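# the sequence and its predicted three-dimensional model are supplied below.
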Amino acid sequence: MTIEAIQQQIIEEFSAFDDWMDKYNLLIEMGKDTPLIDAQYKTNNHLITGCQSRVWLHAKYKDGKIYFTADSDAVITKGIVNILIRVLSGQSPEDILKADLSYIDNIGLKEHLSPTRSNGLVSMIKQIKLYAQVYKLKMDN
Amino acid sequence: MTIEAIQQQIIEEFSAFDDWMDKYNLLIEMGKDTPLIDAQYKTNNHLITGCQSRVWLHAKYKDGKIYFTADSDAVITKGIVNILIRVLSGQSPEDILKADLSYIDNIGLKEHLSPTRSNGLVSMIKQIKLYAQVYKLKMDN
Amino acid sequence: MTTSLNVEALRQAFPVLNQFVYNKPLVYLDNAATTQKPYSVIKRVQQYYEHENCNIHRGVHYLSQQATEAFENSRKYIAGLINASHSHEIIFTRGTTESVNLVASSLGKLLMKQGDRVLITGMEHHSNLIPWQQICHENGTQLLVARINDVGETDLDHYKYLLEQGPKIVAITHISNALGTINPVKEMIHLAHTFNIPVLVDGAQSVAHMQVDMQDLDCDFFVFSGHKVYAPMGVGVLYGKESWLEKMPPYQFGGEMVDQVSFEKTTYNSLPFKFEAGTPNVGAVLGLETALRFVEKTGFEAIAAYENELLAYGHQQLGTIEGMRFIGQAAKKAAVISFLVGNIHPYDLGTLLDKMGIAVRTGHHCAQPLMDRFQIPGTVRASFALYNTFEEIDKLTEAVRRAVTMLS
Amino acid sequence: MTTSLNVEALRQAFPVLNQFVYNKPLVYLDNAATTQKPYSVIKRVQQYYEHENCNIHRGVHYLSQQATEAFENSRKYIAGLINASHSHEIIFTRGTTESVNLVASSLGKLLMKQGDRVLITGMEHHSNLIPWQQICHENGTQLLVARINDVGETDLDHYKYLLEQGPKIVAITHISNALGTINPVKEMIHLAHTFNIPVLVDGAQSVAHMQVDMQDLDCDFFVFSGHKVYAPMGVGVLYGKESWLEKMPPYQFGGEMVDQVSFEKTTYNSLPFKFEAGTPNVGAVLGLETALRFVEKTGFEAIAAYENELLAYGHQQLGTIEGMRFIGQAAKKAAVISFLVGNIHPYDLGTLLDKMGIAVRTGHHCAQPLMDRFQIPGTVRASFALYNTFEEIDKLTEAVRRAVTMLS
Ligand SMILES: Cc1ncc(COP(=O)(O)O)c(C=O)c1O
Ligand SMILES: Cc1ncc(COP(=O)(O)O)c(C=O)c1O
């Protein structure tokens, strides 16, 4: 599925709910899903410190696509991690680099991606884009 | 003459004038009077730095009284120096220590004795009182 | 519950308390981070900028002289309020952090040599920790750190033991911002003085909650921030005993802090100016005076009594929530409740509380080593001021309960 | 005289200008000491304290996040206005003096060893002199000081000669607060860079009078104070090139400037936070943004053109007074007229001008060595802002004439 298609899907999942509580309940459920990252990668090496909550990120490159897994110690952060990974994992470096993440606004979770939130998400996105850049360079060579 | 009597005299001299200009003209005249200090004492030793204008002060003790002479490089400061010296010079250490200088308020020149004015006058008064204290101690012993 | 504060009337004086967030009335419980300002303080600053604004000291003109006098009167008032011996023992700084850095740097230069150490407690805010760590680091040493017991109190026996190791300076917090613990600073200062060691007290969290008395405490330095005591940001106080301040070298250079300057050599101005380089924040200093007068008029004892009631009620109400863990249960505590519920991450809890209009702080509260001590990533912290109410504690409790249900 | 500024309308925006002193309308000509604030700035600060006040960074609640965003947006705006490459090159400080002290201490630690020197000009304000003198002193050296010629300009040949002596840092003022001289900083920076020497520009006097462009100037550091550009006191800016700031050690310690802290070791946060220890002055930063937007909207070129007219008219009018001596007659000058009349002491002149409602500054203007250079105790300084008028210059001239008569 394309990035846009998955984004549309997620927006629809959330649009069923008007109330912030229901939205957060959904987010929390998403955050409670089985860990998105293999236990062996939940190490300091894969850690992105966000001061308030921590995020682990692992990337694997295969056949022109990057596969991300990630986790967080805070369940709400993990919910958003989940949403981001669903969209960006299994995509090509180019598509990842181009990806517009403003769909998070549409869901009404914008504040969580604020650079001032110090929950590790902004750094995670930076790191994801960095991976994409690196693999794109590798492909180009 | 007592301190109070001289103060009264000065207040009367100024009370003739309503206008600040006339008061300042008088003050400037007083400031222009022949130097109040002997040239040999106008040295760094006798200097009280006031940042904006400088004041020199010399003290001599004789027969239970202290005689002050002083000068300043700014004529308005010198005018007030003159007024203070007229009152405090030739008095006993005890009287100097007790002296109430609020008559300066009555003349309408209060702001010049503000500790924030940095014209050297506040330090000069401190120095005068210090001299009085020292000579009082000497007398008591 | 009885109280001598008319809290409803007091609340009217604080405009921010009328805010709505997410269409819900704001419940502001982040007072240890910063307090809200009463109209009188906001007005004082506004009036300064509308009628009195001027650079002070050395100006011979009217505005400058008026502003200088107002500024110096604030200094005198504050000296009187905290019972300093001289008003020139009050140095205006940017805040607690700058005050501590000033003392660490300047007193450090005066007293500390290679191998010398500083003693702190295990509950210090980073601002009263890292400056001293830095000095120790430069001396090739490590900090001496008095242990914290399980309820969050300083272990006085360990403190005494460490005093015997011969630190050159002691720096301790009056009240812990993360736990609310009130340290027995008077006793700790006395103990340090028996070894002739000077003591700095970090009063960032105490001035809004209790009357402090420099003669009574006999501390060598006391520091606090305006913004934590209902005053504007950008101003803080360093109280220092004259005898120390006289001996200490200046910290920053420039502006009013000099006497004579040539390219070869500079001599410094007298106290307090020696430590006040550059244009001071006149407006904020006047605001600080107004804020402290407001606190004094409201009454330190009445405030403390009321906040103690809030604290007791908060413990009691929050204690009814299953899985509630209070972090910090010292016998003597000020208006702070730090807690966790079960294994819920404080960030999650804080995020949901926010959605319900309740402003608490979550995280390590700039006291990472203290969090490590309790082996937790952080806490949720509700901190009170004189304008908080029992109803707000009810709302907090209800909101925590609801969030916990969502997160479990 | 023509001008594109509607000065009468502008004046309405500045409440202090309506003050009376000694029953005379205030003529405020002490703008180089501090500028007055427009209502928009005063209101912005007031609104912050009435609706938005909160401690920023790391707060997960609404108010904190709004305040953080507003604060960081101010940083971005300022970075854009002065054409910095990155917004994290903008560090908020207490003012110019703190900015210079920060760089002197931190860059000093990075670059300077025993025997190393700093090069300044002979017209520096104490705030851009004593910090460097102190560093040199610690290295057992003396400052290198570029000579000032008789009209008050930096002697560029001497400057080049001193650059060849191998100073490690150059620190120069953009505009002299005492003389008004505009230094050819772009050329001076370029010259220093040919020797690979970093340059700090003291922009305290320039930002209110001209547009500054970091890419164009190519300076390594640029510092200024909010209060001299229509903003509140208690906030200043340090611009530094990322490459330098990354390498430099932190200056103050505590609060937000850390990443990981344990009692053994601390790692520091990224730029700009590494240099912003303690609670920042959020309200004043928002006020600074408002003030700079006001200046930008009024138009840098229009302001400079108008102030130049004022300056020319001032020289012309004051020049008609017998015995008038202008101190500082550089070819390129900004809105400052420093003068003496005959042998009259500046304090006497200033005192009488004050009585006539005219606020000027007298004294050495925190530039004692410069006064020594001209062998004078100080000057009377009239300094202009965008709200001053030709009528005010007439009043000044009349008042000086009258005072001179009284004093002669
Ligand atoms: C105990 C303590 N010390 C120091 C500080 C630092 O104060 P500021 O950020 O105002 O400099 C704080 C505030 O967070 C504090 O609570
Ligand atoms: C050229 C110059 N540098 C530095 C300063 C110091 O600025 P502040 O007192 O705001 O720190 C001033 C202001 O007096 C100045 O004019």
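The structure has been received and is ready for your questions. Numbering: from 1, shown residues only, chains lettered A, B, ... in the order given. Ligands and ions are numbered 1, 2, ... in the order given.

# all strands of the stretch 51-200 of chain C, in order?
C:90-93, C:118-121, C:144-146, C:169-173, C:199-202 (DSSP state E, counting those that start in this stretch).

# redo the ones you listed as JSON lines? Include distance to B:Leu137, mean pLDDT and mean neighbour count.
Every residue, glycine included, has its C-beta placed from N, CA and C. JSON lines is the format used below for these (distance: least, C-beta to C-beta, whole Å; pLDDT from 0 to 100; neighbours: other C-beta atoms under 10 Å in any protein chain shown):
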{"stretch": "strand C:90-93", "distance to B:Leu137": "31", "mean pLDDT": "98", "mean neighbour count": "26"}
{"stretch": "strand C:118-121", "distance to B:Leu137": "43", "mean pLDDT": "98", "mean neighbour count": "27"}
{"stretch": "strand C:144-146", "distance to B:Leu137": "47", "mean pLDDT": "98", "mean neighbour count": "23"}
{"stretch": "strand C:169-173", "distance to B:Leu137": "39", "mean pLDDT": "98", "mean neighbour count": "27"}
{"stretch": "strand C:199-202", "distance to B:Leu137": "36", "mean pLDDT": "98", "mean neighbour count": "28"}
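
# what comes up buried for stretch C:74-90?
Residues of stretch C:74-90 classed as buried: C:Ser74, C:Arg75, C:Tyr77, C:Ile78, C:Ala79, C:Leu81, C:Ile82, C:Ala84, C:Ser87, C:His88, C:Glu89, C:Ile90 (neighbour count, 16 or more other C-beta atoms under 10 Å in any protein chain shown).

# within range of chain B, give me the residues from chain C.
Counting by C-beta under 8 Å from any C-beta of the partner chain, chain C comes close to chain B at C:Ile56, C:His57, C:Arg58, C:Val60, C:Gln65, C:Thr68, C:Glu69, C:Glu72, C:Asp259, C:Gln260.

# which ones are touching the residue lying closest to C:Tyr251 once chain neighbours are set aside?
Distances taken as C-beta to C-beta, 6 or more residues apart in numbering or on different chains put C:Leu102 closest to C:Tyr251, at 4.4 Å, once the chain neighbours are dropped. Shown in contact with C:Leu102 (C-beta atoms under 8 Å, 6 or more residues apart in numbering or on different chains): C:Ile91, C:Thr93, C:Leu238, C:Tyr251, C:Gln252, C:Phe275.

# how about those residues in CSV, adding distance to ligand 1?
Putting the contacts of C:Leu102 into CSV (distance: C-beta to the nearest ligand atom, whole Å) gives the following:
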residue, distance to ligand 1
C:Ile91, 14
C:Thr93, 9
C:Leu238, 11
C:Tyr251, 15
C:Gln252, 16
C:Phe275, 16
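
# per-residue pLDDT, C:Met1?
In this model, C:Met1 is scored at 44, pLDDT.

# my bad, A:Gly50
68.

# could you do A:His112 as well?
84.

# what's the spatially closest residue to it that is not a sequence neighbour in contact with, if anything?
Nearest non-adjacent residue to A:His112, counting by C-beta to C-beta, 6+ apart: A:Ile80, 5.3 Å away. Applying C-beta under 8 Å, 6+ apart, we find A:Ile80 in contact with A:Leu27, A:Gly31, A:Ile104, A:Leu109, A:His112, A:Leu113, A:Leu121.

# which of those fall within helices?
A:Leu27, A:Gly31, A:Ile104, A:Leu121 (DSSP state H).

# of all the contacts of C:Leu102, which two lie farthest apart?
Spatial extent of the contacts of C:Leu102 (C-beta to C-beta) is set by the pair C:Leu238 and C:Gln252 at 12.4 Å.

# cheers, nothing more for now.
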